[in-house]
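A.B. asks: Sequence first, predicted model second:
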Amino acid sequence: MDDMQFSRYSCDIREILENTDQESLENLVRNAVAYSQSNNNNKVNWIAQELFVDVISDEMIAEIFNKE
């Protein structure tokens, strides 16, 4: 992802979070986790890697989402 695309996504994410209450944020995270788990067909869950990069550590992502 280039810097311009990253900036656009960051702006979109900030706007969403500013207009999201706590319950909706919890639902958003729950949906993201369910999506990454249900669409994982590899040993390494690349969907989770993309969704949660810069949110939680790579080690935590691997521990939670990657298949043993």
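C.D. replies: Nice, thanks for sending it over.
A.B. asks: how about residue 44, what does it touch?
C.D. replies: Taking C-beta atoms under 8 Å, 6 or more residues apart in numbering, we find residue 44 in contact with 62, 66. Every residue, glycine included, has its C-beta placed from N, CA and C.
A.B. asks: One more: residue 67?
C.D. replies: Contacts of residue 67 by C-beta under 8 Å, 6+ apart are 40, 42-43, 45.
A.B. asks: give me that answer again for 10 Å
C.D. replies: Taking C-beta atoms under 10 Å, 6 or more residues apart in numbering, we find residue 67 in contact with 40-45.
A.B. asks: Can you add pLDDT and distance to residue 12 and give the residues you listed back as JSON lines?
C.D. replies: Below are these laid out as JSON lines (pLDDT from 0 to 100; distance: C-beta to C-beta, whole Å):
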{"residue": "40", "pLDDT": "91", "distance to residue 12": "25"}
{"residue": "41", "pLDDT": "88", "distance to residue 12": "28"}
{"residue": "42", "pLDDT": "91", "distance to residue 12": "27"}
{"residue": "43", "pLDDT": "94", "distance to residue 12": "31"}
{"residue": "44", "pLDDT": "94", "distance to residue 12": "26"}
{"residue": "45", "pLDDT": "94", "distance to residue 12": "23"}
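A.B. asks: Those residues: which two are farthest apart?
C.D. replies: Pairwise distances among the contacts of residue 67 were taken by C-beta to C-beta; the largest, 10.5 Å, belongs to 41 and 44.
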